[in-house]
Structures are given as C-alpha cells and as structure tokens.
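**Student:** model this:
(one chain, ligands or ions: 1)
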Amino acid sequence: MTVLFTHPDCLLHNPGPGHPERPERLKAVLAALDHPDFAALDRREAPFASEEQIARVHDAGFVRTLLDRVPSDGMVRLDADTAMSPGSGNAALRAAGAVVAAVDAVLAGEAPNAFCAVRPPGHHAEPTHAMGFCLFNSVAVGAAHAQAMHGLERIAIIDFDVHHGNGTQTMTASRPGWLYGSTHQFPFYPGTGSVREHGPYGNIVNAPLASGDGSAEFRAAFGDVILPALDRFRPELVMISAGFDAHHRDPLAAIELDEEDFAWATESLADIARRHAGGRIVSLLEGGYDLTALAASAAAHVRVLMSA
Ligand code: ZN
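**Tutor:** Numbering: from 1, shown residues only. Take a look at the predicted model:
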C-alpha cells in the first residue's frame with residue numbers, strides 16, 4: 001500500500017500575497033486525497049530532515065544561513081520569486097524530511113511506494129542557493145540518503161514538472177550513481193534543460209517540449225527518450241519529481257497535458273520500477289499552480305501508485 005507523507009507545517013510557508021506557490025495548493029491536494037478512494041493510504045507525519053541530511057547535497061554553510069535568515073515576522077526575499085515567511089524553515093525541513101522518511105519506509109519494505117504531499121517544492125534549489133520557489137532540493141536529499149544510508153548504487157530521478165529541474169541536474173552531474181531524466185517546456189524558465197546537456201558522466205537525459213505541445217508529444221518524449229534510458233540504467237529506486245504544471249489549465253506554462261497523461265507517465269514509471277527496482281517508487285509534489293488541475297492530477301498520480 002502507498003504511504004502518504006505530509007505535515008501541517010508545510011501549509012505555513014507563505015512566499016507572499018498573490019504568489020502562485022501558495023498554501024492553498026497543498027490544501028487542494030490533501031482535499032482530493034480525502035476522497036474515499038484514498039482511504040487505504042497509510043498516512044504518516046513528515047519528520048524534520050536534519051541539517052546533516054540536507055548538507056549531503058547542499059553546502060552546509062548555505063543550509064545554516066538559510067535557516068538563520070527565516071524571519072520571526074514579515075518576509076525575507078531570496079530572489080525575484082523566492083521568499084521566506086516565519087513558517088518557511090519548518091516547511092522546508094518537513095518537505096525534505098518527508099522524502100527521507102519515504103525512502104526509509106520504501107527501502108524497509110513497509111510499502112512499495114510513497115507520495116510526499118509537501119511544499120515548498122525543491123527541484124530548482126542549487127547546492128549553494130535557493131531559487132524559483134524552492135528552498136532545499138528535497139528529492140536530491142532523499143536520493144543522497146538512499147545512497148548513504150541504504151547503500152543504493154543506482155537511483156533514478158524522473159522530473160515531469162513543466163520547468164526543468166536545474167538544481168537536481170547540477171547535483172546529478174557530480175554523482176554517477178544517479179540518473180536525472182526530465183521532460184519540460186523549453187526554452188523556458190529556468191533556461192537549462194537542452195537536449196545537449198548530458199553531464200560528465202552522461203547520466204542526464206533531457207527531453208524538452210515546445211510551447212503548445214500536448215499529450216502526443218509528451219508521450220513520445222517520455223516513451224522514446226526517458227523510458228529507454230531508465231531501462232538501460234536499471235535503477236534500484238525510482239524517484240519522481242511530480243510537478244503537475246504541464247497541465248493545460250496551468251497559468252504558468254504552455255504545455256497541454258491533462259490528468260490522464262500524468263497517470264500514464266506514472267504507470268510507465270511503475271513498470272520500470274517493477275522491472276528493475278522491486279517496484280520501489282518515492283514521489284514528491286513539485287509544481288502545479290491551477291488548484292483544480294493540481295488536485296485532479298495529484299489524485300490520478302496517487303491512484304496509480306496505490307494500484308502499482
Ligand atoms: Zn514547475
């Protein structure tokens with residue numbers, strides 16, 4: 001059965017009035033997962049990640065400085081679209097801690113897979129700085145934990161968020177035991193993610209999509225580029241940066257997917273996980289900014305995980 005990790009602290013990160021990465025996103029996802037269809041989820045509280053766990057992928061000085069800068073009231077701005085409120089430090093520690101706990105649960109065989117319903121997202125966060133709504137790179141913290149504490153040698157991170165996960169790519173580039181595969185709108189924020197970026201170990205696989213692309217182009221990119229690379233890599237654990245902002249309703253981007261496409265991608269990854277990883281999947285919420293589309297897409301994703 002699927003484990004669901006979340007925590008009320010993740011609602012207390014507020015990047016400011018009118019910001020698209022708002023607490024209502026997580027409320028919408030959790031409301032959708034309150035439906036009787038999801039009664040069998042094994043619901044658990046996300047713990048805090050430790051600074052040591054986060055410092056496996058981030059500069060230790062950056063981690064301490066970021067937590068020291070969390071305001072006791074008001075806001076602290078980190079870049080043009082990234083800011084912290086008094087609840088941001090705990091939210092970011094819970095988000096990364098959820099992924100660490102999910103890795104532990106799945107690798108202990110307590111469940112075949114887990115979904116972390118958390119915010120802030122993480123895939124833009126670089127080793128030495130927060131960026132693009134992201135504070136700590138939670139999926140990378142989880143992958144590093146799987147490697148350090150569980151001895152895994154091959155971990156795949158698949159990112160279908162509409163934005164390229166520049167931070168995860170940077171962290172993967174120096175770790176030959178990881179594979180990073182991404183579909184994303186290109187050219188688009190954050191500017192990285194060209195098909196020519198492979199990294200020194202050849203473990204980065206970008207399958208960019210053009211503005212206006214939809215289901216057919218997404219499934220072709222995923223099926224012809226990402227899935228064969230995963231089959232060759234033979235991951236022992238499949239991690240998913242599950243952003244749902246490639247949905248046609250999303251206000252931030254121009255890819256035209258619907259929830260069925262996310263379900264299909266999840267099925268495809270479950271198939272890879274069954275073939276190579278004993279079925280083990282750890283997924284976490286990244287982007288998705290239309291509340292209706294986000295809730296329906298996350299529900300479709302989790303429904304597939306529950307039946308995987
Ligand atoms: Zn995104």
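**Student:** For the closest residue to the ion within the stretch 201-308 of the chain, pull up the helix or strand it's in.
**Tutor:** Residue nearest to the ion within the stretch 201-308 of the chain: residue 287 (2.8 Å; C-beta to the ion). (Each C-beta comes from the backbone N, C-alpha and C, glycine too.) For residue 287, there is no host helix or strand (DSSP states H and E).
**Student:** show me what contacts it?
**Tutor:** Counting by C-beta atoms under 8 Å, 6 or more residues apart in numbering, residue 287 makes contact with 21, 121, 133, 161-163, 243-245, 252.
**Student:** run the last query once more with 7 Å
**Tutor:** Residue 287 is in contact with 121, 161-163, 243-245, counting by C-beta atoms under 7 Å, 6 or more residues apart in numbering.
**Student:** again, but for residue 16
**Tutor:** By C-beta under 7 Å, 6+ apart, residue 16 lies in contact with 75, 83.
**Student:** now the one 10 residues further on
**Tutor:** For residue 26, the contact set (C-beta under 7 Å, 6+ apart) comprises 10-11, 117, 119.
**Student:** Mind picking the two most distant members of the residues you listed?
**Tutor:** 11 and 117 (10.7 Å; C-beta to C-beta).
**Student:** out of these two, which sits in the more crowded spot?
**Tutor:** residue 117 (25 against 18; other C-beta atoms under 10 Å).
**Student:** From residue 97, how far out is that one?
**Tutor:** In this view, residue 117 and residue 97 are 13 Å apart by C-beta to C-beta, to the nearest Å.
**Student:** Next: residue 139.
**Tutor:** According to C-beta to C-beta, residue 139 and residue 97 sit 13 Å apart.
**Student:** who has more neighbours, these two?
**Tutor:** With neighbours defined as other C-beta under 10 Å, residue 139 and residue 97 compare such that residue 139 has more, 33 against 28.
**Student:** which ones are touching the more buried one?
**Tutor:** Neighbouring residues of residue 139 by C-beta under 7 Å, 6+ apart: 99, 122-123, 157, 168, 239, 241, 284.
**Student:** Identify those among the residues you listed that sit within strands.
**Tutor:** Within the contacts of residue 139, membership in strands is found for 157, 239, 241, 284, as judged by DSSP state E.
**Student:** interface residues of the chain facing the ion?
**Tutor:** By the rule C-beta under 5 Å from the ion, the part of the chain lying against the ion is 161, 163, 243, 245, 287.
**Student:** Would you mind listing which of those are buried?
**Tutor:** Neighbour counting by 16 or more other C-beta atoms under 10 Å classes 161, 163, 243, 245, 287 among the residues of the chain next to the ion as buried.
**Student:** if I look at the residue nearest to the third one when sequence neighbours are not counted, how far off is residue 147?
**Tutor:** This means residue 243. Once flanking residues are discounted, residue 243 sits nearest to residue 161: 2.4 Å by C-beta to C-beta, 6 or more residues apart in numbering. Relative to residue 147, residue 161 is positioned 22 Å away (C-beta to C-beta).
**Student:** Residue 2 versus residue 111, what's the distance?
**Tutor:** 6 Å.
**Student:** any common contacting residues for these two?
**Tutor:** Shared contacts of residue 111 and residue 2 (C-beta under 7 Å, 6+ apart): residue 42.
**Student:** Determine the longest helix present in the chain.
**Tutor:** Ranked by residue count, the top helix of the chain under DSSP state H comes out as helix 88-107.
**Student:** Now the element after it, going C-ward?
**Tutor:** strand 113-116.
**Student:** Now do that following strand: which elements does it pack against?
**Tutor:** strand 3-6, helix 88-107, strand 281-285, helix 291-307 (3 or more C-beta pairs under 7 Å, 6 or more residues apart in numbering; DSSP states H and E).
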